[in-house]
Every structure is written in structure tokens, then in C-alpha cells.
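1. Return atomic coordinates for the entry below.
(one chain, ligands or ions: 3)
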Amino acid sequence: MSCTANGVAAALRAAAKVVAEHRAELVELDRAIGDGDHGENLNRGFAAIVASLDAAVPDTPGAVLKLAATTLISKVGGAAGPLYGTAFLRASTAVGNASELDAAAVVAGLRAALEGVQARGKAVEGDKTMVDALLPAVAAAEKGTDVASVLQAAAEAAARGAESTVDLVARKGRASYLGERSAGHLDPGARSTSLLLGAFAEAAR
Ligand code: ADP
Ligand code: MG
Ligand code: MG
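-> Numbering: from 1, shown residues only. Ligands and ions are numbered 1, 2, ... in the order given. Predicted coordinates for the structure are as follows:
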């Protein structure tokens with residue numbers, strides 16, 4: 001896949017498919033330490049992104065990312081909608097109006113996404129949130145040499161980062177209301193970040 005507007009649109013379609021396939025799993029994870037809506041929230045948002053892309057694919061990768069951002073912000077409530085919306089919006093701004101993204105642009109987009117999530121949600125590493133998947137993903141992405149290897153490295157690091165949330169006590173979001181009882185459960189947002197990056201990596205292969 002080349003990282004053109006159509007390539008980014010294909011990656012978002014792949015992500016929507018993975019989110020739909022894992023909707024019930026994300027609901028279960030969120031039921032254990034939250035309010036059980038994470039799978040529905042994300043599935044609704046990504047289905048809406050696909051519907052928008054079906055109508056028209058914007059001209060540039062940045063514009064496609066911006067469409068994803070505005071859709072997530074308007075269709076997905078709770079914590080994750082604004083956080084993922086901010087992530088895609090910052091990524092969109094970071095890649096500018098280039099017609100095709102190279103590895104450096106993809107890394108810059110991922111880094112901007114992380115910075116957006118942290119600016120908005122104030123979570124740091126170890127708080128048992130999506131940051132625990134996204135932060136190591138960005139660090140690993142920087143070692144990639146082309147778009148496919150950047151996304152592959154990011155996806156693998158995100159999967160490990162998500163697993164690391166099991167042992168953590170939540171300090172941000174709904175799960176933090178449980179205190180120590182949040183330990184022993186995978187964080188739903190970290191899991192969804194890992195799923196999204198996995199889908200992007202697969203699409204870029
Ligand atoms: P809500 O908790 O409002 O129902 P979701 O269930 O859709 O929202 O999303 C929950 C996920 O959002 C958590 O698993 C966590 O990864 C993420 N999250 C919550 N608060 C924050 C935050 N302040 N910073 C980063 N991520 C957060
Ligand atoms: Mg929830
Ligand atoms: Mg909720």
C-alpha cells in the first residue's frame with residue numbers, strides 16, 4: 001500500500017473491520033473496569049467513518065485523517081471519542097497537505113497523536129490507559145525504515161504495551177474509580193489502540 005489518501009482510507013476501513021470483529025471483546029473488557037460501552041462506542045464511530053468514506057474519499061491523507069477525527073468527535077461519546085478524535089486531528093495537522101506520506105510523516109503523525117491524547121487526557125505511562133499502548137508504539141515506530149515497518153513496529157509495541165496494563169492500577173478514566181480492584185484486567189482503550197495499529201500495519205503490508 002502506498003500511503004496516499006486512498007491508502008489511508010483503506011487502512012481506516014481495515015480498522016473498522018477489526019473494531020467490528022472485536023466489539024464484544026472490547027465491551028467485555030470495559031464491563032470489567034468501566035461501563036461496558038467501549039466496543040459499541042468505537043464500532044459506531046468507525047462505522048460512521050466508513051460511511052463517510054463511501055460517500056467520498058478526501059483528497060489527501062491529512063484530509064482523510066481529519067474526516068476520521070471529526071467523525072469520532074461527533075459520533076463517539078465518553079472518554080475514548082474525544083481522545084481518539086484528538087489523536088486523529090493532531091495526526092492530520094502533523095502530516096499537512098502532502099499527497100503521499102513517507103515513513104517520517106507516519107512517525108510524525110503517530111507522535112502527534114500521542115501528544116494530543118496526553119494533552120487532552122493528562123495520562124502518563126503507567127496510568128492504565130491507551131497511552132500505555134500508544135507511547136511505546138511511537139518509540140518503536142521511530143526505528144522503522146519504511147511505512148510498513150514503521151506501522152509493524154508500532155503495532156507490535158502497542159500489543160506488548162496493552163498487555164502491560166493488566167497488572168496496573170488505573171489512575172485515569174472510569175477504571176480509576178475502582179482503585180486497586182482495577183488491577184488484573186486489560187485496559188479496554190489500550191486494547192483498542194493495539195487493535196487499530198494492528199489493522200493499520202496489516203493494511204500497509
Ligand atoms: P468511558 O470510560 O467514558 O465510557 P470508553 O469506555 O469509550 O469511555 O473508553 C475507556 C478508555 O478510555 C479507557 O480504557 C482508557 O484507555 C481511555 N481513557 C480514559 N481516560 C483517559 C485519559 N484521561 N487519558 C487517556 N486515556 C483515557
Ligand atoms: Mg466505557
Ligand atoms: Mg461510557
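2. three-state assignment of whatever residue of the chain ends up closest to ligand 3?
-> As assessed by Cβ to the ion, ligand 3 sits closest to G78 within the chain, at 3.6 Å. In short, each C-beta sits where N, CA and C put it, glycine included. On the three-state scheme (DSSP: H, G, I helix; E, B strand; the rest coil), G78 is labelled coil.
3. these two touch, right, S182 and R171?
-> No: S182 lies out of contact with R171 (Cβ atoms under 8 Å); the separation is 9.0 Å.
4. Quickly list what's touching both of the two.
-> Listed as contacting both S182 and R171 by Cβ atoms under 8 Å, 6 or more residues apart in numbering are K128.
5. between the two, which one's more packed in?
-> Set S182 next to R171 and count neighbours by other Cβ atoms under 10 Å: S182 wins out with 22 against 16.
6. Could you tell me which residues make contact with that one?
-> Neighbouring residues of S182 by Cβ under 8 Å, 6+ apart: I33, K128, L168, V169, A170, A175, S176.
7. go on, T165?
-> K128, T129, D132, A133, L186, D187, A190.
8. between the contacts of S182, which is nearest F200?
-> Taking Cβ to Cβ as the measure, F200 lies nearest K128 of the contacts of S182, at 23.1 Å.
9. which residues does the closest one contact?
-> Neighbour list for K128: T165, L168, V169, A170, R171, K172, A175, S176, S182, D187, A190 [criterion: Cβ under 8 Å, 6+ apart].
10. So which bits of the chain are right by ligand 3?
-> Contacts of the chain with ligand 3, taken as Cβ under 5 Å from the ion, map to D35, D37, G78.
11. Show me the strands in this protein, by range?
-> For the chain, strands defined by DSSP state E do not occur.
12. can you list the weak-confidence ranges in it?
-> Within the chain, the segments meeting pLDDT under 70 span 1.
13. so A24 makes contact with G39?
-> Yes: using Cβ under 8 Å as the test, A24 is close enough to G39 to be in contact (6.2 Å).
14. who's more crowded, the two?
-> Set A24 next to G39 and count neighbours by other Cβ under 10 Å: G39 wins out with 23 against 12.
15. could you measure that one against K122, distance?
-> Distance check for G39 against K122: by Cβ to Cβ, to the nearest Å, it reads 24 Å.
16. do the same with R205
-> Counting by Cβ to Cβ, the separation of R205 from K122 is 35 Å.
17. Equivalent analysis for V76, please.
-> Here V76 is placed at a distance of 19 Å from K122 (Cβ to Cβ).
18. Of those two, which one has the most company?
-> Shown here are V76 and K122; by other Cβ under 10 Å, V76 has more neighbours (24 against 12).
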